[in-house]
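*Asks:* 3D, please:
(2 chains)
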2 protein chains.
Amino acid sequence: MLYIVGLGLGNEKDITLRGLEAVQQCDKIIVEAYTSLLSFGLSSHGLITLEKLYGKPVILADRETVEEKADDILRAAADFDVAFLVVGDPFGYFGINVKVVHNASVMNAVRVCGLQLYHYGETVSIPFFTVTWRPDSFYEKIQKNRGLGLHTLLVRGKKQYEPPRYMSVNTAIEQLLEVEQNRGELAYSEDTMCVGFARLGSEDQKMVAGITRQLESVDFGAPLHCLVIVGKTHPVEEEMLDFYRTV
Amino acid sequence: MLYIVGLGLGNEKDITLRGLEAVQQCDKIIVEAYTSLLSFGLSSHGLITLEKLYGKPVILADRETVEEKADDILRAAADFDVAFLVVGDPFGYFGINVKVVHNASVMNAVRVCGLQLYHYGETVSIPFFTVTWRPDSFYEKIQKNRGLGLHTLLVRGKKQYEPPRYMSVNTAIEQLLEVEQNRGELAYSEDTMCVGFARLGSEDQKMVAGITRQLESVDFGAPLHCLVIVGKTHPVEEEMLDFYRTV
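*Replies:* Numbering: from 1, shown residues only, chains lettered A, B, ... in the order given. Take a look at the predicted model:
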């Protein structure tokens, strides 16, 4: 049996009881470690924390293990109980016996800022620009969401096999404004209301609301960061945002 | 301190370790019980299961308690540690010391069907029709999502102070098709691909993909149900859906 278990957002205790029980009965425990990270990190220190909680050794899987050696994991799961742990909420695999243990993901945790989860449009991912690679396909998606009055969650996109780097709110806004300047279709501007988040779900999470120009210079500290571009707001949403506004 | 703790989707063990520790240190434990239910229910039997796990008495809060007596809960939290438990993922309150313990919600658990969470548009809620009250404002939202090729999650909307009733996939589709027939703008049809879900995240969850005409007669069993209207699909999404297709 393969158990795919969500670890949640913050620290090792964000696993559910159901997830913990599954992990503790497994013969092999693998942690996926390239698409995200727990707020306590997956340094050797972080791994030891997990091993202590689970009472078993934990194998760290990088992108190569997950994408190229997935067959090995699946083959092992035909004979043994294997737990595959992912940060946030897991997705489903198929074909062998699989149990998915759900957990919170950034996609619902952003609701803590008071914007109605129902009023989000398509989620948009934004890649790190390089000197020669500055794709702006996210622009149309934001434009469409804003055209409908919807909020947009921006998360960091990745190129294949790019080493893990974590995009700050500041870089995201810088790139957004560059693209707006080039396109000039006013999908958003320096005065568009946004909410920046850092370390969502952890003890020291930070959440600041303000226009892009203001947020560009806010220090959000350690990763992970994400950004919401605010759409049309209900008075109740406005009131909630006021709690998190920059001066 | 007020702790708002997400209980997750399925059974009492879907609480996180962080949530359980918070609950166990609280002086007063209140469970919100009108917007949703755990799959094991919140009957007196379900309550006893929670009380056994927490080692403490649990107070069941109906809509009146939550909406009209919220001040009492907040006042108590000024002096004591109060845990307010909600099914799924909690939202944030403000003004007094509050800790939110996140958990999974239906909004990410639907991803188990293989449709990319990034490609969902605005979530739509659909109310029970009565003889005289047949509002169709959800129609435009579905139309907009489908115009953008996005998937739509439909959940059950509620009128103020309506007694808890849980809408089946079948009723939802029946109402959708009635509205389409009246409006005739082809936002969707009898041949539109959908995925019906029952008891998401629980041991006996059921998931069936098919066109509306097919799903209308599938027996999904006990609540909670929800429905996804499929937008434009990627080949990988198609492949995943094939696993869940009706004959």
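
*Asks:* please make it C-alpha for all contacts and neighbour counts, starting now.
*Replies:* Fine.

*Asks:* quick one: pLDDT of the nearest residue to residue A:121 once chain neighbours are set aside?
*Replies:* Using CA to CA, 6 or more residues apart in numbering or on different chains and skipping the chain neighbours, the partner closest in space to residue A:121 is residue B:121 (4.6 Å). pLDDT for residue B:121: 91.

*Asks:* give me the number of residues near residue B:121?
*Replies:* When neighbours are counted by other CA atoms under 10 Å in any protein chain shown, residue B:121 registers 27.

*Asks:* one more: residue A:22?
*Replies:* There are 19 residues near residue A:22, going by other CA under 10 Å.

*Asks:* residues in contact with the host helix or strand of it?
*Replies:* Taking DSSP states H and E as the criterion, residue A:22 maps to helix A:17-24. With contact meaning CA atoms under 8 Å, 6 or more residues apart in numbering or on different chains, helix A:17-24 is reached by A:3, A:5-6, A:29, A:54-56, A:83, A:101, B:13-17.

*Asks:* following it, which helix or strand comes up?
*Replies:* strand A:28-32.

*Asks:* ok now that following strand, how far from the chain's centre?
*Replies:* 19 Å (CA atoms, centre = their mean, to the nearest Å).

*Asks:* in its sheet, what does that strand sit against?
*Replies:* Pairing partners of strand A:28-32, with direction, according to DSSP bridges: strand A:59-61 (parallel), strand A:82-86 (parallel).

*Asks:* please identify the most buried of the ones you listed.
*Replies:* strand A:82-86 (a mean of 25; mean count of other CA atoms under 10 Å in any protein chain shown).

*Asks:* residue nearest the centroid of chain A?
*Replies:* residue A:106 (5.0 Å; CA atoms, centre = their mean).

*Asks:* helix or strand: which one has residue A:187?
*Replies:* Applying DSSP H and E, one finds residue A:187 in no helix or strand.

*Asks:* surely it is in contact with residue A:142?
*Replies:* Yes: applying CA atoms under 8 Å, one finds residue A:187 in contact with residue A:142, separated by 6.9 Å.

*Asks:* looking at these two now, which is surrounded by more residues?
*Replies:* Each of residue A:187 and residue A:142 has its neighbours counted (other CA under 10 Å); residue A:142 has more, 24 against 17.

*Asks:* gap between the more buried one and chain B?
*Replies:* 12 Å (CA to the nearest CA, to the nearest Å).

*Asks:* what residues are up against that residue?
*Replies:* A:124, A:152, A:187.

*Asks:* in the sheet, who's paired with the spatially closest residue to residue A:172 that is not a sequence neighbour?
*Replies:* Of all residues not flanking residue A:172 in the chain, residue A:126 sits nearest, at 7.3 Å (CA to CA, 6+ apart). Assessed by DSSP bridges, residue A:126 has beta-bridge partners residue A:156.

*Asks:* contacting residues around residue A:126?
*Replies:* Taking CA under 8 Å, 6+ apart as the test, what residue A:126 contacts is A:138, A:154, A:155, A:156, A:157, A:158, A:172.

*Asks:* go on, residue A:225?
*Replies:* A:155, A:166, A:167, A:168, A:169, A:196, A:197, A:198, A:199, A:200.

*Asks:* next up, phi/psi of it, please.
*Replies:* phi -110, psi 150 (degrees, to the nearest 10).

*Asks:* which secondary structure elements does the helix or strand bottoming out on mean pLDDT in chain A contact?
*Replies:* Least confident element among the helices and strands of chain A, by mean pLDDT, DSSP states H and E: helix A:63-68 (a mean of 72). The helices and strands touching helix A:63-68, judged by 3 or more CA pairs under 8 Å, 6 or more residues apart in numbering or on different chains; DSSP states H and E, number zero.

*Asks:* now stretch A:90-106: average pLDDT?
*Replies:* For stretch A:90-106, the per-residue pLDDT averages 69.

*Asks:* stretch A:129-138 now?
*Replies:* 90.

*Asks:* can you list the residues of chain A near chain B?
*Replies:* A:8, A:13-19, A:89, A:91-92, A:100-105, A:107-109, A:111-114, A:117-124, A:150, A:201 (CA under 8 Å from any CA of the partner chain).

*Asks:* check contacts around the residue nearest to residue A:121.
*Replies:* Residue B:121 sits in contact with A:120, A:121, A:122, B:145, B:150, B:151, B:152, B:153, where contact means CA under 8 Å, 6+ apart.

*Asks:* tell me which of these fall in helices.
*Replies:* residue B:145 (DSSP state H).

*Asks:* work out the gap between the least confident helix or strand of chain A and the centre of the chain.
*Replies:* Offset of helix A:63-68 from its chain centre (CA atoms, centre = their mean): 19 Å.

*Asks:* same deal with stretch A:139-157?
*Replies:* That offset, for stretch A:139-157, works out to 16 Å (CA atoms, centre = their mean).

*Asks:* now the end-to-end length of it.
*Replies:* 14 Å (CA to CA, to the nearest Å).

*Asks:* got the buried residues for that stretch?
*Replies:* Neighbour-count burial for stretch A:139-157, counted by 16 or more other CA atoms under 10 Å in any protein chain shown, picks out A:139, A:141-146, A:148-156.

*Asks:* next structured bit after the longest helix along chain A?
*Replies:* Looking across chain A with DSSP H, the single longest helix is helix A:169-183. Per DSSP H and E, the first helix or strand lying C-terminal to helix A:169-183 is strand A:193-198.
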